[in-house]
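> Got a sequence here, can you model it:
(4 chains)
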2 protein chains.
Amino acid sequence: MGNELRQFKSEIFQGLAHPTRIAIVELLREGELSAGQLIAKLGIEQANASQHLAVLRARQIVVKRKAGNQVYYSIRDHALIEILDILRRYFYSQLSTAVGLLREAAREESKSRNGAQR
Amino acid sequence: MGNELRQFKSEIFQGLAHPTRIAIVELLREGELSAGQLIAKLGIEQANASQHLAVLRARQIVVKRKAGNQVYYSIRDHALIEILDILRRYFYSQLSTAVGLLREAAREESKSRNGAQR
DNA sequence: ACAGTATATTCGAAATCTCGAATATTGTCA
DNA sequence: TGACAATATTCGAGATTTCGAATATACTGT
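Residues are numbered from 1 along each chain as shown, chains lettered A, B, ... in the order given. As a prediction, this is how the structure comes out:
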């Protein structure tokens, strides 16, 4: 049960498993952009951008609209934005945890520096 | 700006970009399980499960606790569960959209079947 | 029809991921 | 200590991903 659902989820994750594709989704957050605009903002090769867009399209993460010569991309579903937001919060909470861990490590270190060194 | 954050996000997605790892996270939803229990429920090779657990550990998605001979795993942060839930809802909404599209296609087809065929 | 612009696809090489087999590590119990 | 159980790591082969270069496709304006 839920095997198909699991497959679906992992495909979405694969679709987002590259910094460039995350960047694309984030750029599309405010609304649609043409492929050309995306390429300009990303500062990468045209072919490469197009390949990443193809991945996002294949996973239905993104949707395209043709207007004359150009192709406008937009996010298919707000759920994905929500997910990125959750991860942003998660990142910062992990960060503060990491800071805590570093402080603790520093405390340990000074303790051993002051105590019996070997 | 946010480059590091983007890297972080894509690493989390990479961490979850495999059905087996999704299954592991889902199994851990209710609470911790030992590696052995996970392997039994997953029904895969011990080495393979251990490798997937290593991936989840490396990305800090999962946390381990040793108890004697065994190692108990649990989810490090509830945020990830939230994400899986969002994707579950998303999956079903896409599914109903797909059904809608199929219906529409069927309607189109019968229309052209009844109308002037060429 | 032709030149030009925007975007997509194909190709091949390098990098990364995934798997099972084999082996290593760690802890328990006698 | 030695045998055993639980888990992790290493290795090599095959699959997949990623990249830029080259090429193809589609649309526009003349």
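
> Not including adjacent chain positions, what is the nearest residue to A:Ile44?
Leaving aside its chain neighbours, A:Ile44 sits nearest to A:Thr20 (6.6 Å; criterion: C-beta to C-beta, 6 or more residues apart in numbering or on different chains). Quick note: C-beta positions are derived from backbone N, CA and C, even for glycine.

> Specify the beta-bridge partners of A:Leu33.
Beta-bridge pairing of A:Leu33 under DSSP bridges involves A:Tyr73.

> Distance-wise, check it relative to DNA strand D.
From A:Leu33 over to DNA strand D the distance is 18 Å, taken as C-beta to the nearest atom of the strand, to the nearest Å.

> show me the residues around that residue that make contact.
By C-beta atoms under 8 Å, 6 or more residues apart in numbering or on different chains, the contact set of A:Leu33 is A:27, A:41, A:72-74.

> and if we set it to 10 Å?
By C-beta atoms under 10 Å, 6 or more residues apart in numbering or on different chains, the contact set of A:Leu33 is A:24, A:27, A:39-41, A:70, A:72-74.

> okay, now the domains of chain A?
As assigned by automatic domain parsing, chain A contains the domains A:1-76, A:78-118.

> of all of chain A, which residue lies closest to DNA strand C?
Proximity of chain A to DNA strand C (C-beta to the nearest atom of the strand) peaks at A:Gly36, 2.4 Å away.

> How about that residue: what's its closest non-neighbour residue?
Counting by C-beta to C-beta, 6+ apart, A:Gln70 is the residue found nearest to A:Gly36 once chain neighbours are left out, at 6.6 Å.

> if we can go back for a sec, now render the domains of chain A as CSV, adding distance to B:Ser50 and mean pLDDT.
Output for the domains of chain A, formatted as CSV (distance: least, C-beta to C-beta, whole Å; pLDDT from 0 to 100):
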stretch, distance to B:Ser50, mean pLDDT
domain A:1-76, 19, 96
domain A:78-118, 24, 68
